[in-house]
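Enquirer: Got a sequence here, can you build the structure:
(2 chains)
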2 protein chains.
Amino acid sequence: MAETVRVKRETLEKFCAEVFTHLGVPEDEALASAQVLVAADARGIESHGVGRLWRYVNGIREGVMQPKVAPLILRSSPLSLVLDAQGAMGMALSKKTMTMVINKANKIGSSFASIRNSNHFGIAGYYTEMAAKNDMIGICMTNTAALGVPTFGRTARFGTNPIAFSVPASQGRMFTLDMATTCVTRGKVEVYNRENSPLPPGWAVDTKGQGTTDAAQLLEDMLYQRGGGMVPLGGEGELLGGHKGYGLAVLVDILTAVTSGGDFGKSVMDSAATSARVCHFFGALKIELFRDPEEFKNDMGQLLDELEQTEPAAGCNRVYYAGLKEHESEQESHKLGVTLSTKVAEQLRGIGAELNMGIPF
Amino acid sequence: MAETVRVKRETLEKFCAEVFTHLGVPEDEALASAQVLVAADARGIESHGVGRLWRYVNGIREGVMQPKVAPLILRSSPLSLVLDAQGAMGMALSKKTMTMVINKANKIGSSFASIRNSNHFGIAGYYTEMAAKNDMIGICMTNTAALGVPTFGRTARFGTNPIAFSVPASQGRMFTLDMATTCVTRGKVEVYNRENSPLPPGWAVDTKGQGTTDAAQLLEDMLYQRGGGMVPLGGEGELLGGHKGYGLAVLVDILTAVTSGGDFGKSVMDSAATSARVCHFFGALKIELFRDPEEFKNDMGQLLDELEQTEPAAGCNRVYYAGLKEHESEQESHKLGVTLSTKVAEQLRGIGAELNMGIPF
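Expert: Residues are numbered from 1 along each chain as shown, chains lettered A, B, ... in the order given. This is a model prediction of the structure:
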């Protein structure tokens, strides 16, 4: 287990916001971006948290991310909105867009938005929970740089393309599913590579499209686009359902990029310095379309209880429902501070020092 | 390979429709039901085709399925519709409901419906393609009898709970993803059991929640609800993403049953004679909400081309996109007739003889 430190959530948010304002991001958008980033760490999703701050710093410096730019409205209706982000920061724009989606849904019942030419937006579940807090079912997706290989193929054609849904339940609880549609993300391969461990079989294929456990070779082949990559949820071939994860990943490309006229598939590529420009999708459905929200949330509560009370398998302690682990982490972070690895804390101090900022942790 | 016969699609539809009318289903609904059923066989999805006709016959005879009943409207808005099917036949009601959803979406931009207390509705992709033919993104889900085991659990808490999406593309093509959210369905286990073969590892868990390959024992344990069952898409535990398939399965329960006030989770149970009453969800989003439909379909065409042209893995012939295999099967069935196993053909002749019907194949 890596060494960790605990930092107060507000302290971390303020620090990240200051980094963004130093780089030219307007104050309110800097804070919005910082809040999304820190929410990931608070929920225990460190892969999407402040450990990525350097990527945003690089993104702004390289011009991939535009700290101050107005998105173009491509289409707008009472039910929908399509934007060209023109390279805006993904997080602040996504928060604004989800707010607009919620407002439209409040008036008419449901609403959807897609955005092209945007940037990495942190955790998709952040935006879906905004809708759930308003008695709506929240939907969010984003495409990402191509690293996933179609069933029976050998070259990357889609990203980790996450899908998120949030649904409100009684007692302030929430069901939040936020999942990559590949079996695992590249981040996990990097961990195995650092530890010099072979990958678990079933995560990735090599340049011939055949199962591989060689993390170092895989990362190199993906970097130089020689072929190979991550397999979709369900694994290699069709035996365990890999064609289903493949279909879900393509669906994300459709809803995010084809609806907005943005880049999809293999044309979405990261650089060494930062992430590719990407496309997002947001949706909200009012519970009232279907039922009285209180009755709905009571039944949701019963559903979540029944899942949590499932008898655990031999050797297992507990059965979870989607979002439960993250919500428990968030409560703990609220009490004890947000957990950072000492390595990430060091990275943040480095960024602060470089920008001549005070460092409050 | 089992022996097969070919029957003209219209002949098969007419025969099944006649069986339904013999059992008291009004003529138009009988034909609608037959069309959905035969569409499955025409597409090569024999698990959901006329091989299940006996289940519908039993369902009607046992009163689980009501051949002639008016659904109750529980809620209706310009954007939505919630019905209590009162045990109606799933297929005819679903076709009617998807038509209403499409009509509402045509006027306002998007629409959603959920139905409780309905019955097995055949293939979900049939309804989503109705929307795609109208330049909409079609969505359909249904819950089914509990046989899927939550991640880290040992007892069934959700069904195979399929999700379907259809999206139109250029040249009359379509992306249709229609997938169970469990790794595989019970039908596949039954095939292994008949052949006395061990199951592939990663499909199912035993009464202790631990991986099993014993098909006979698994089927018996599931039948008597002793525990054990199918694992979600992504397999046992979290290593290959089983918690994601689990989350998707629960999402289906939410959208179908919690939105309609119907049965969810473990309370949905098949009987020996026929299937459980279930809940459905339908949705349609007009492409025009986002983009000019022709531009959209052209980009969709490019996406599908790029996927199909992915270089195949060593030892593989071809890369598909979701729906392609089924659409090719359908074209072949159109030319050569629908393929039935001789066993299923025999079953149909038995049903026809019992009802004193002429048997045209």
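Enquirer: okay, CA-based contacts and neighbour counts for the rest of this
Expert: Will do.
Enquirer: What residues does residue A:268 make contact with?
Expert: The contact partners of residue A:268, by CA atoms under 8 Å, 6 or more residues apart in numbering or on different chains, come to A:144, A:145, A:146, A:276, A:277, A:278.
Enquirer: how about stretch A:129-147, does it get close to chain B?
Expert: No: using CA under 8 Å from any CA of the partner chain, stretch A:129-147 stays clear of chain B, with a minimum separation of 9.2 Å.
Enquirer: how about that stretch: buried residues?
Expert: With burial defined by 16 or more other CA atoms under 10 Å in any protein chain shown, the residues of stretch A:129-147 counted as buried are A:129-147.
Enquirer: Any figure for the gap between the nearest residue to residue A:202 once chain neighbours are set aside and residue A:209?
Expert: Excluding the flanking residues, the one nearest residue A:202 by CA to CA, 6 or more residues apart in numbering or on different chains is residue A:235, at 5.5 Å. Taking CA to CA, to the nearest Å as the measure, residue A:235 falls 12 Å from residue A:209.
Enquirer: Of those two, which one has the most company?
Expert: Neighbours per residue (other CA atoms under 10 Å in any protein chain shown) separate residue A:235 from residue A:209, with residue A:235 holding more: 31 against 28.
Enquirer: Quick test: name the residue nearest the centre of chain A.
Expert: residue A:123 (3.1 Å; CA atoms, centre = their mean).
Enquirer: all strands for the stretch 51-200 of chain A, in order.
Expert: Here the stretch 51-200 of chain A has its strands, by DSSP state E, counting those that start in this stretch, at A:72-77, A:80-84, A:110-118, A:136-142, A:163-168, A:174-179.
Enquirer: Quick check: residues of the stretch 1-150 of chain A near chain B?
Expert: Counting by CA under 8 Å from any CA, the stretch 1-150 of chain A sits next to chain B at A:75, A:76, A:77, A:79, A:80, A:81, A:82, A:109, A:110, A:113, A:114, A:150.
Enquirer: Surely the residue nearest to residue A:202 forms part of a strand?
Expert: No: under DSSP: H, G, I helix; E, B strand; the rest coil, residue A:235 falls outside any strand and is assigned coil.
Enquirer: Would you mind confirming that it makes contact with residue A:181?
Expert: No: the criterion here is CA atoms under 8 Å, and residue A:235 misses it with residue A:181 at 10.7 Å.
Enquirer: most remote residue from chain A's center?
Expert: Distance from the centre of chain A peaks at residue A:314, with 32.2 Å (CA atoms, centre = their mean).
Enquirer: What count of nearby residues applies to the nearest residue in space to it that is not next to it in sequence?
Expert: Sequence neighbours aside, residue B:208 is the residue nearest to residue A:314 in space, at 5.6 Å (criterion: CA to CA, 6+ apart). By other CA under 10 Å, 18 other residues sit near residue B:208.
Enquirer: Below-threshold pLDDT in chain A: ranges please.
Expert: A:1 (pLDDT under 70).
Enquirer: any idea how it splits into domains?
Expert: Domain assignment for chain A by automatic domain parsing gives A:1-68+A:333-361, A:69-182+A:235-308, A:184-230.
Enquirer: Of all these, which one is nearest residue B:282?
Expert: Of all the domains of chain A, domain A:69-182+A:235-308 sits nearest to residue B:282, with 12.2 Å by CA to CA.
Enquirer: quick one: the closest one to chain centroid distance?
Expert: In terms of CA atoms, centre = their mean, to the nearest Å, the centre of domain A:69-182+A:235-308 is set 9 Å apart from its chain centre.
Enquirer: what's the answer for stretch A:306-313, then?
Expert: 27 Å.
Enquirer: Stretch A:342-359 now?
Expert: 24 Å.
Enquirer: try stretch A:65-78
Expert: 21 Å.
Enquirer: Enumerate the residues of the stretch 151-300 of chain A near chain B.
Expert: Counting by CA under 8 Å from any CA, the stretch 151-300 of chain A sits next to chain B at A:151-155, A:157, A:177, A:179, A:183-184, A:202-203, A:208-210, A:233-235, A:240-241, A:243-244, A:247-248, A:254, A:258-261, A:264-265, A:287, A:289-291, A:296, A:299-300.
Enquirer: Selection in ChimeraX covering whichever of those are buried, please.
Expert: A single ChimeraX command is used to select the members of those judged buried by 16+ other CA under 10 Å:
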select /A:151,152,153,154,155,157,177,179,183,184,202,203,208,209,210,233,234,235,240,241,243,244,247,248,254,258,259,260,261,264,265,287,289,290,291,296,299,300
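Enquirer: I figured residue A:355 was touching residue A:18, is that so?
Expert: No: Residue A:355 lies out of contact with residue A:18 (CA under 8 Å); the separation is 9.7 Å.
Enquirer: Make TSV from the strands of the stretch 51-200 of chain A and add distance to residue A:95 to it.
Expert: Compiled in TSV, the strands of the stretch 51-200 of chain A are given as follows (distance: least, CA to CA, whole Å):
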stretch	distance to residue A:95
strand A:72-77	16
strand A:80-84	13
strand A:110-118	12
strand A:136-142	11
strand A:163-168	15
strand A:174-179	16
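Enquirer: Tell me how many other residues surround residue A:353.
Expert: Residue A:353 has 12 neighbouring residues, counting by other CA under 10 Å.
Enquirer: Need the nearest residue in space to it, chain neighbours excluded.
Expert: Residue A:353 sits nearest to residue A:359 (CA to CA, 6+ apart), 7.7 Å away.
Enquirer: now the one you found: how far from residue A:13?
Expert: Applying CA to CA to residue A:359 and residue A:13 gives a distance of 12 Å.
Enquirer: Could you name the helices and strands sitting against the helix or strand encompassing residue A:253?
Expert: Element membership of residue A:253, judged by DSSP states H and E, is helix A:242-253. In terms of contacts (3 or more CA pairs under 8 Å, 6 or more residues apart in numbering or on different chains; DSSP states H and E), helix A:242-253 is packed against strand A:136-142, strand B:174-179.
Enquirer: what would those look like in TSV with distance to residue A:98?
Expert: Putting the helices and strands packed on helix A:242-253 into TSV (distance: least, CA to CA, whole Å) gives the following:
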stretch	distance to residue A:98
strand A:136-142	9
strand B:174-179	27
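Enquirer: of all these, which lies closest to residue B:38?
Expert: Closest of the helices and strands packed on helix A:242-253 to residue B:38 is strand B:174-179, at 16.5 Å (criterion: CA to CA).
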